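# Make a model of this:
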Amino acid sequence: MSNAFAQSQPVAPAVDDASHAILSALADKHAELDARRSDLARQVAALDQELTCLEGAIRLFSHSRPASAPTASPVSPRHATERSVIADDALRVLRDASRPLSTSDIVRVLCAERNVALRPLEFRRLAVAVISVLRLREARGLVEEVGRARRNAVLWTATGAHDRSRRR
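Reported below is the predicted structural model:
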């Protein structure tokens, strides 16, 4: 007769191998999740930076009145651009300048005043908007193109800006 409670072969080595395999799989999964978490943290940091740039661009393009405020009549895009905050600020920058400025110089001053760092794409978009409003102001005689700078950049000055600086 065999004794059911008799000692048999030790089971510990089989359990150790199984435990080792499980621990190894768990460690691999932990390393994988940790790497994914690091990747996601980098993505979140990049998205935060992009949001900051977009918020700065929104501040630059925002009007003094809320967008939800009703208007008396529909405004054409040309007139909306002409009356925009960008147009007024670009003209003010030119009037305050002691020398002719390029469009890039004007955009840099506007960004510095608002403490905004724009990515190259947003910078170019803002520069295009500044050029369009300056062309409209040029047609009204408020600014003039006075030449070209490096890389064929247009130099602008406010009409009569130098006369005003002499009177002060």
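# May I have the residues that are in contact with the residue positioned nearest the centre of the chain?
The centre of the chain sits closest to Cys53, judged by CA atoms, centre = their mean, with a distance of 2.1 Å. With contacts taken as CB atoms under 8 Å, 6 or more residues apart in numbering, Cys53 has the following neighbours: 116-119, 122. (Glycine included, C-beta is placed from N, CA and C.)
# cool, and Leu118?
53, 56-57, 107, 111, 126.
# That one looks like it's in a strand, true?
No: counting by DSSP: H, G, I helix; E, B strand; the rest coil, Leu118 is located in no strand; its state is coil.
# Just the pLDDT for it.
According to the predicted model, the pLDDT of Leu118 comes to 83.
# State the distance from the residue nearest to the centre of the chain to Leu40.
When distance is defined by CB to CB, to the nearest Å, Cys53 is 20 Å away from Leu40.
# State the mean pLDDT of the helix or strand encompassing the residue nearest to the centre of the chain.
Cys53 is located in helix 12-61, with elements delineated by DSSP states H and E. Here helix 12-61 scores 83 as its mean pLDDT.
# Which residues are in contact with Val146?
In this structure, Val146 makes contact with 100, 155-157, judged by CB under 8 Å, 6+ apart.
# okay, now the domains of the chain?
As assigned by automatic domain parsing, the chain contains the domains 12-62, 77-167.
# Centre of the chain to the host helix or strand of Arg95, how far?
Assignment of secondary structure by DSSP H and E places Arg95 within helix 85-96. For helix 85-96, the separation from the chain centroid amounts to 22 Å (computed by CA atoms, centre = their mean, to the nearest Å).
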